[in-house]
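Trainee: okay, predicted coordinates and the sequence, questions at the end:
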Amino acid sequence: MAELARSGDNAIQAAEEQALIAHCQLGEQQSYAVLVERYQRFAYNVAYNLVQDEEEAADLTQEAFMRAWQALPNYRAEARFSTWLYRIVHNLGLNRLEVLQRRRRMEQQEASATADGEDDGGFSMERLAGPESDQPAQVYEQAERRKFIWQQVSSLPLQYRDIIGLYYGQQLSYEEIAAMTGQPLGTVKTHLHRAKTMLRERLAPLAPAANPTPRAGDAPPFGLAARLMRVI
C-alpha cells in the first residue's frame with residue numbers, strides 16, 4: 001500500500017511539473033521561478049561536484065537556468081526535466097572545468113616560481129595564526145574532517161566523482177543515475193562500486209571518528225559528508 005501511495009504521489013508530482021513546464025513554454029516566468037526553486041539545490045550540487053568551487057558552482061547554476069529557459073520551447077518531455085537539466089549543467093560544467101584547470105595550473109606555476117625566487121624564512125600568516133584556536137576543539141575537528149572528505153571526493157576521477165555526487169548527494173537510485181547520465185545500468189553500478197572502494201581506502205583514517213554528534217551546519221551541502229561516512 002505504501003509503495004502504491006508513493007507511486008500515486010509521483011504521478012501527481014509529474015503531472016504538476018508538466019503543467020508548470022507547459023506554462024513556462026508559454027513564457028510565464030512565475031511558473032519558471034517555481035521550477036528554479038525546486039531544482040536549484042540539485043543544479044548547484046551537480047555544478048559543485050564538477051568544479052569544486054562555490055562561486056563557480058553558483059555562477060554555473062545561474063547560467064544553466066538561463067540556458068534552460070531559452071531552450072524550454074524545444075523541450076518535449078522525452079526525458080524527465082531533472083535529467084534534461086542535469087545534462088545542461090553537466091555540459092556547462094565540463095566546459096568550465098577545462099578553463100578552471102588551465103587557470104589553476106597557471107596559478108600553481110606562478111606560485112612555484114615565486115617560492116623559488118623568494119625566501120621568507122618560513123614565515124606565513126597562517127603559521128603565525130596557527131589553528132583556529134578560537135573555535136571549540138570539537139567544532140574544529142569536525143571542520144577538518146569535512147575538509148578531508150571533500151579533498152578525497154575531489155581527487156576521484158571525474159566519472160566516479162559525478163556518480164558519488166548523484167548517489168550520496170542527490171540520493172538517486174542506480175536506475176535514476178543511469179537515466180540521467182545516459183550510461184548503461186551496469187556501468188553505473190561498476191563505477192559506483194569502484195568509487196566506494198577508493199573512498200573507503202582514502203577515508204579509513206576517519207573511521208575511529210565516524211558518526212560524530214551532529215551539529216547545525218556540520219555537513220557540507222545537503223548532507224553529502226554524513227552519507228559518505230557510511231562507506232568506511
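Mentor: Yep, it's here.

Trainee: any weak-confidence spans in the chain?
Mentor: 1-10, 107, 109-140, 207-232 (pLDDT under 70).

Trainee: tell me where it has helices.
Mentor: Ranges of helices in the chain, per DSSP state H, are 2-25, 29-51, 54-71, 81-117, 125-129, 137-154, 158-164, 174-181, 185-202, 224-228.

Trainee: can you put those helices in CSV and add mean neighbour count?
Mentor: Using the backbone N, CA and C atoms, a C-beta is placed for each residue, glycine as well. What follows is these, written out as CSV (neighbours: other CB atoms under 10 Å):
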stretch, mean neighbour count
helix 2-25, 12
helix 29-51, 19
helix 54-71, 17
helix 81-117, 14
helix 125-129, 8
helix 137-154, 15
helix 158-164, 20
helix 174-181, 18
helix 185-202, 16
helix 224-228, 21
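
Trainee: domain ranges for the protein?
Mentor: Taking automatic domain parsing as the domain assignment, the ranges for the chain are 11-97, 136-231.

Trainee: tell me which of those lies nearest to residue 103.
Mentor: Comparison of these against residue 103 by CB to CB identifies domain 11-97 as nearest, at 10.3 Å.

Trainee: start to end distance for that closest one?
Mentor: With CA to CA, to the nearest Å as the measure, the first residue of domain 11-97 is 36 Å from its last.

Trainee: what separates that domain from the chain centre, distance-wise?
Mentor: Domain 11-97 sits 14 Å away from the centroid of its parent chain (CA atoms, centre = their mean, to the nearest Å).

Trainee: just send the domains of the chain back as CSV, with distance to residue 105 too.
Mentor: Below are the domains of the chain laid out as CSV (distance: least, CB to CB, whole Å):
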stretch, distance to residue 105
domain 11-97, 12
domain 136-231, 16
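
Trainee: and residue 106, which of the ones you listed is closest to it?
Mentor: It is, among the domains of the chain and with distance given as CB to CB, domain 11-97, at 15.0 Å.

Trainee: just the CA coordinates of stretch 188-204, formatted as CSV?
Mentor: C-alpha atoms of stretch 188-204 as CSV (Å, rounded to 0.1, in the frame of the first residue of the first chain):
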residue,chain,number,x,y,z
VAL,A,188,26.8,2.9,-13.2
LYS,A,189,27.0,0.0,-10.7
THR,A,190,30.6,-0.7,-11.6
HIS,A,191,31.7,3.0,-11.3
LEU,A,192,29.9,3.4,-8.0
HIS,A,193,31.4,0.2,-6.6
ARG,A,194,34.9,1.4,-7.7
ALA,A,195,34.3,4.8,-6.3
LYS,A,196,33.1,3.4,-2.9
THR,A,197,36.2,1.2,-2.8
MET,A,198,38.5,4.1,-3.4
LEU,A,199,36.8,6.3,-0.9
ARG,A,200,36.7,3.5,1.7
GLU,A,201,40.5,3.3,1.5
ARG,A,202,41.0,7.1,1.5
LEU,A,203,38.6,7.8,4.3
ALA,A,204,40.0,5.0,6.5
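
Trainee: now residue 37: how far from residue 50?
Mentor: 22 Å (CB to CB, to the nearest Å).

Trainee: typo on my end, residue 150
Mentor: Distance from residue 150 to residue 50, counting by CB to CB: 14 Å.
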